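Novice: test case, fold it:
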Amino acid sequence: MFNLTQHFRYSDGVWPLTLVLAYILTTYIGGWVLMAQPGFLLPIIGVLACGHGMVIAAYLIHDCGHNALFKKTEYNTRLGKALNWLTGGCYGTYEDLRYKHMRHHVDNADPISFDYRAWLKAHPRTEKAVFALEWCYFPAVDIVMHAMLIIAPFTSIGNREHRRRSLAVIAIRTLLLLALASWSLKAVLLYAVAYLLMLTVLRFFDAYQHNYEILVNLNDPDAVFPYKGNREYEENNTYSNLISRRWPALNLLVLNFCYHNAHHTKPTMPWYKLPALHRELYGDNYTRTVGLRGQLRSYHRNRLAGIYAETYGQVEVPEALRDGKAVPVYGLSFLTAF
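Specialist: Residues are numbered from 1 along each chain as shown. Below you'll find the predicted structure:
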């Protein structure tokens, strides 16, 4: 007799995955339908629904990357690849995405191969535009990163062997968007807004979760990582940025990704088990937990300083957040694999 639970890492994982996939598909497809409707209210609801569906899909990709859902890597990979098309991260390969993120966990650092900071300094006109857009809360840095993801195989930072694949992905997604535009140009334009919303949410919850070094050595086989395997350093430089301690159900808005210390303690623990693991490990008064209000205040005050994030890795985040001086860090999304 076929037993579905035997394929899951945890036997109670069937219903959580079923429900979250149903939510993703309902909000994404339903969001497109609503964005095409006349008027104002329904399209706005559609933008929020579509954007949030992509946010949840992105965080579920993160679980797939850690093999937290299924016992077999193959099944996690299949689901991760499918969801990557929905989030727009498919211009890069799922394997590269996963490799970069695993390096983040193993090396206790943020190794990258494309330093957008140096690139902006070399292109002053673009730099000025990025600063102006970021002042308006437009995630310009993330647009640069995702644009580079598209063209990476045709530059020195990408894999030349992926060029044919990249052209195919670009062609398929372009044709799909043109087909959707023939159905509703309004929906396609609002989809762009939903996509910006997804990027903003993802980078906000990345902005204060770590205090690691950013090292431009992802593809350097001889690179040395001073804190590689240092569990104490990892714990002391990782922060759980909960949406709410009082109402933990609200943390489901980011699929519990904010329980980040628990995640780093046991990376193969799926999203629905992280709150219990957090309580078990740290209780309610854990000093590495940072509040939403302080994050919002610091993000607002220091959103331009975050473009270069010159103090990243040099300050104690909880204290800096209390003072409203914590500088966010951009360009480290697990959806951009370089």
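
Novice: where does pLDDT dip in the stretch 51-200 of the chain?
Specialist: When residues are selected by pLDDT under 70, none of them lie in the stretch 51-200 of the chain.

Novice: got the buried residues for the longest helix belonging to the chain?
Specialist: Determined from DSSP state H, the single longest helix within the chain is helix 41-65. Buried residues in helix 41-65, counting neighbours by 16 or more other C-beta atoms under 10 Å, are found at 43, 46-65. (Glycine included, C-beta is placed from N, CA and C.)

Novice: now for that helix, which elements pack on it?
Specialist: helix 14-35, helix 73-87, helix 94-107, helix 185-206 (3 or more C-beta pairs under 8 Å, 6 or more residues apart in numbering; DSSP states H and E).

Novice: for that helix, the distance to its chain's centre please.
Specialist: 12 Å (C-alpha atoms, centre = their mean, to the nearest Å).

Novice: now it against helix 14-35, angle please.
Specialist: Orientation note: helix 41-65 sits at an angle of 150 degrees relative to helix 14-35 (axes from the mean of the first three to the mean of the last three C-alpha atoms, to 10 degrees).

Novice: what about the strands in the stretch 201-338 of the chain?
Specialist: 214-215 (DSSP state E, counting those that start in this stretch).

Novice: okay, helices next: where are they in it?
Specialist: Listed in chain order, the helices of the stretch 201-338 of the chain (DSSP state H, counting those that start in this stretch) span residues 231-236, 260-265, 274-282, 292-301, 317-322.

Novice: tell me the most buried of the ones you listed?
Specialist: helix 260-265 (a mean of 22; mean count of other C-beta atoms under 10 Å).

Novice: what mean pLDDT would you report for it?
Specialist: When pLDDT is averaged along helix 260-265, the result is 96.

Novice: need the CA coordinates for it. PDB is fine.
Specialist: Provided in PDB are the C-alpha atoms of helix 260-265 (Å, rounded to 0.1, in the frame of the first residue of the first chain):
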ATOM      1  CA  HIS A 260      16.600  32.300  12.300                       C
ATOM      2  CA  ASN A 261      18.600  31.100  15.200                       C
ATOM      3  CA  ALA A 262      16.600  28.000  15.400                       C
ATOM      4  CA  HIS A 263      17.000  27.500  11.700                       C
ATOM      5  CA  HIS A 264      20.800  27.800  11.900                       C
ATOM      6  CA  THR A 265      20.800  25.400  14.800                       C
END
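
Novice: and it, what does it pack against?
Specialist: Secondary-structure packing of helix 260-265 (3+ C-beta pairs under 8 Å, 6+ apart): helix 231-236, helix 274-282.

Novice: which one of those lies nearest to residue 12?
Specialist: helix 274-282 (11.6 Å; C-beta to C-beta).

Novice: can you tell me the average pLDDT over the closest one?
Specialist: Averaging pLDDT along helix 274-282 gives 94.

Novice: helices or strands up against that helix?
Specialist: In this structure, helix 274-282 makes packing contacts with helix 260-265, judged by 3+ C-beta pairs under 8 Å, 6+ apart.

Novice: ok, now which ones touch the closest residue to residue 184 other than its chain neighbours?
Specialist: Spatially, and ignoring its direct neighbours in sequence, residue 184 is nearest to residue 36 (3.7 Å; C-beta to C-beta, 6 or more residues apart in numbering). By C-beta atoms under 8 Å, 6 or more residues apart in numbering, the contact set of residue 36 is 43, 46, 183, 184, 186, 187.

Novice: next one: residue 322
Specialist: Residues in contact with residue 322 (C-beta under 8 Å, 6+ apart) are residue 294.

Novice: and the pLDDT at it?
Specialist: Each residue has a pLDDT score; the one for residue 322 is 81.

Novice: check the gap between it and residue 260 for me.
Specialist: From residue 322 across to residue 260, the span is 19 Å (C-beta to C-beta, to the nearest Å).

Novice: quick one on the thing from earlier: now, which of the contacts of residue 36 sits nearest residue 289?
Specialist: residue 46 (34.0 Å).

Novice: once you drop chain neighbours, what's closest to that closest one?
Specialist: The shortest distance from residue 46 to any non-neighbouring residue, by C-beta to C-beta, 6+ apart, is to residue 34 (2.9 Å).

Novice: quick check, that neighbour in contact with residue 41.
Specialist: No: the criterion here is C-beta atoms under 8 Å, and residue 34 misses it with residue 41 at 9.3 Å.
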